[in-house]
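Asker: Coordinates for the following, if possible.
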Amino acid sequence: MARDLTPGTGIRGGRLRVYLGSAPGVGKTYRMLDEARRRQERGVDVVVGFIECHGRRRTEAMLAGLEVLPRAHRSYRDAEFEEMDLDGVLARHPAVVLVDELAHTNIPGGRHAKRWQDVEELLAAGIDVITTVNIQHLESLNDVVRKITGIPQRETVPDEVVRRADQIELVDMAPQALRRRMAHGNVYKAEKVDAALSNYFRVGNLTALRELALLWVAGRVDEGLRDYRASHNIDRVWETRERVVVALTGGPEGETLIRRGARISDRTAGGELLAVHVSRSDGLAGASSAALAQQRQLVETLGGSYHVVVGDDVPTALLTFARAHHATQLVLGTSRRGRINRFLTGPGTGQTTVDDSEDIDVHMVTHEFTGRGRLPSLGRRHSRRRTIAGYLAGLALPWLLTGLLSQADHSINLTTDALIFQLGVVIVALLGGAVSALVASVVASVLLNYYFIPPIHSLTIGETNNIVALVVFAAIGLTVSTVVDHAGRLTSRAARATAEAETLSTLAGSVLRGADALPALLEKSRTAFGMRAVALLSRADGEVLACREDDPRGDGAGPHETTEVPVGADAVLVLTGRRLPAADQRVLTAFAAHVAAALERDRLAVAAAEVEPIKAADRMRTALLAAVSHDLRTPLAAALASVGSLRSPDVEFSPEDQAELLATADESLVKLTRLVDNLLDMSRLQAGALTLHLTVTHLDEILPRALDSLPDPYAPIQPLDFDTVPPVLADPPLLERVLANVITNALRYNAPGAPVLVTASHHADQVEIRVIDRGPGIAPEDRDRVFLPFQRLGDTDNTTGVGLGLALSRGLAEAMGGSLEVEDTPGGGTTMLLTLPAADPAATEPAPAEPAPAEPTSVEPTSVEPTSVEPTSVEPTSVEPGDPGEEPPHE
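Answerer: Okay, the predicted model is just below:
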């Protein structure tokens, strides 16, 4: 469908065709060029606005015979780049233009930041556009793709831009076929194939991306189908996909229906399961909220969705919902009503739904609760005392009114007598319900006939009008009593629903109290139901997990009954006190569900606390291995080289040279000894026999030692304010090591000739140390990566280490109770912020921390070698996925 007129121009907008690829290399650009050649053969004016062939010969061959517009040349950071010449395309104004890589970021200097914005302008000018994009570049899938591939996509396009396309064609290829294409050199150059196949283009990654593409396109097809049906007023169900709707009443048969519906939906690929509960508009339906909550959890566990609709006509509401969701099948349970009930009340929800379902298949599922219902209730349930009082009033009140009216003699007429008796019937209905009102109506009718309708003191009625009046009186009495009883029942339900809502609201607040949730829930359960004691017992051995009592000193007076409610699979909630009615037990089930959630949360917290020492031990082991493999290498190699040179018979050294070699060996062995001591201390720490020696440490004493250990003792370093801050609580050797790592890293990437500033400041109970350089800085998305082992962010020089220094520095800082973060330097550069806890200045004797064998202090795995922090290039050019961790190009 052609786009609407461009506002204010009278120009009909162009049409957009998108070739959506499941992965780079599937052939989107090739298919786009093939479509262009086909249109050109039909005489359509087609030009190439921008095509990126990536050196692929077959793709370049498809350009033969097509008009290729000149590209725009732009300079950025002392380099030349080519972009689509948007003004040139608009001036040429072809019928169709090819624009590759829709998600591409334009070089600064153009009219738009993104290529898709260029495409929008071309469409507004009435030019048809054919373009390409990969599924990983859609904005809504950015985080999903990052989780799958581990690579963030910096170039994205809003989903709405692609969704508005007039045509979307999926370009798909099996993962194995794409990998073979790459192995044959049809996608990337030979030197990049192995790295690409072992990283981004693994079979698992390609399969997941392929599934994402298929699902996204299927969703768009479904949207198009719904739009077509709506525009053509098609209400009939098209069985393009099985959608099974399960009707839930909140009854015990719900789980059976849900599982049957899930089996039906699973029979075909892509089937959907929807569960729906119809709630009455007055909110007073008798459904169990606890049962519905459990059934909702089951539906979501089986991969379905749960819905609630409001409607007094249940069959109509069910069918309206089913048709709105294009359901093909509807699952209902057979009626729980008995035969007498069905005879009295007529066809139920199931039969009415079947009669009105038309083209929706309805499954009536039998279950163990079929036909176990009761007769329709003739009145609301009252206490036994109130029920007896209602019957007595129904018998006595008419006689009392008869005596009062007899004393009035003939001062009032028959109509007034009937109305007074009618008032008595209403009063009895309010007191005892419909059955008591029925008794009162019968008695009042007899007394009215005997005492007030001529002939008096006879049950014979002399006039026809009096017969009609008596019949109408009885009918009105029955009707009014029924209506009054129904209104009273609704009022009672509303009051109970309000009370239950308030109780559950308070319960939800108790759950949010954190660590005290379980005791608060038990106390709320005891007080809400008026029980003497509430206990949470283990099912396995009966152990009391928690208990709340009203009078813990004694059993109290009078007999007590016990109510038990299961709490999950391993516990039971036991309430001691009065007998709970069924309505209270329904709310108690909801309490038990919250208790189960609180109990599970406590268990997970305990499990997490138990796992933390194991994680700390794993981090320690990794740190030891990293230090052994890296930190020991440099001083050991220097010492061996010096000693080997002195022992060599081929060269004679002067006394000065011999002294220098001995000094080098001595210096290296001293460093080696210090590292071995540290490793031994870490080994003891891991075993729980030694912790960090956290002492009162003065920074003005540690900084000179850290500077002395730098590779270049004459490096331009400018320390400030170290003599004005209080001491910190730290391990001096480890703090020296952290400072040396961070300063060395800053020196490595600092601007030539600029000094590295090292400043200290005091805030509240923390001391902040900043190491400030004027280097290229670090991109925000890479700030966490610089603290990962073996991350060098573009540095390819491995002679100075393998990128472990900053990771170790952060680990040691956190072990000492501090932190190490990255900040921007105003004016350009990077600032490393080291935060440590301030020590008590009055402390004079350093005291080590208490040993904690169960929870050894964790030290992140790394070594002293500074980590490279060169920033990733921000030039918006396509990157070949030949190297690990790089984002693949669009094609």
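Asker: Report the buried residues of stretch 184-194.
Answerer: 187-188, 192-193 (16 or more other Cβ atoms under 10 Å). From N, CA and C alone the C-beta is placed, and that goes for glycine too.
Asker: what's the answer for stretch 246-259, then?
Answerer: 246-254, 256-258.
Asker: residue ranges with poor pLDDT in the stretch 51-200 of the chain?
Answerer: 190-191, 194-195, 198 (pLDDT under 70).
Asker: what helix or strand is the closest residue to Val89 other than its chain neighbours on?
Answerer: Distance criterion Cβ to Cβ, 6 or more residues apart in numbering; nearest residue to Val89, sequence neighbours excluded, is Gly49 at 5.0 Å. Using DSSP states H and E, the element containing Gly49 is strand 46-50.
Asker: Output the contacting helices and strands for whichever helix or strand comes after that strand.
Answerer: For strand 46-50, the succeeding helix or strand toward the C-terminus, using DSSP H and E, is helix 57-61. When contacts are defined as 3 or more Cβ pairs under 8 Å, 6 or more residues apart in numbering; DSSP states H and E, helix 57-61 packs onto helix 28-41.
Asker: show me the contacts for the spatially closest residue to Thr563 that is not a sequence neighbour.
Answerer: Nearest non-adjacent residue to Thr563, counting by Cβ to Cβ, 6+ apart: Leu575, 4.6 Å away. Leu575 is in contact with 525-526, 529, 531, 533-534, 562-565, 588, counting by Cβ atoms under 8 Å, 6 or more residues apart in numbering.
Asker: ok, now Lys28?
Answerer: Counting by Cβ under 8 Å, 6+ apart, Lys28 has contacts 19-21, 132-134, 171, 891.
Asker: hmm, 7 Å instead?
Answerer: 19, 21, 132, 171, 891 (Cβ atoms under 7 Å, 6 or more residues apart in numbering).
Asker: swap in Lys114?
Answerer: 105-106.
Asker: what do you get if the cut-off is 8 Å, keeping everything else the same?
Answerer: 103-106, 157.
Asker: what does Glu781 give?
Answerer: 152, 154.
Asker: So it versus Arg154, what's the distance?
Answerer: Separation of Glu781 from Arg154 (Cβ to Cβ, to the nearest Å): 8 Å.
Asker: before we move on, which element is the residue nearest to Thr563 in?
Answerer: Short version: Leu575 belongs to strand 571-577, going by DSSP H and E.
Asker: Describe which strands that strand pairs with in its sheet and in which direction.
Answerer: strand 533-538 (antiparallel), strand 561-567 (antiparallel) (DSSP bridges).
Asker: Report the mean confidence score over that strand.
Answerer: The average pLDDT for strand 571-577 rounds to 82.
Asker: ok, now stretch 358-377?
Answerer: Mean predicted confidence for stretch 358-377 is 68.
Asker: from the contacts of Lys28, which is closest to Ile614?
Answerer: The closest of the contacts of Lys28 to Ile614 turns out to be Gly21 (Cβ to Cβ; 43.6 Å).
Asker: got the phi/psi numbers for that closest one?
Answerer: phi -100, psi 140 (degrees, to the nearest 10).
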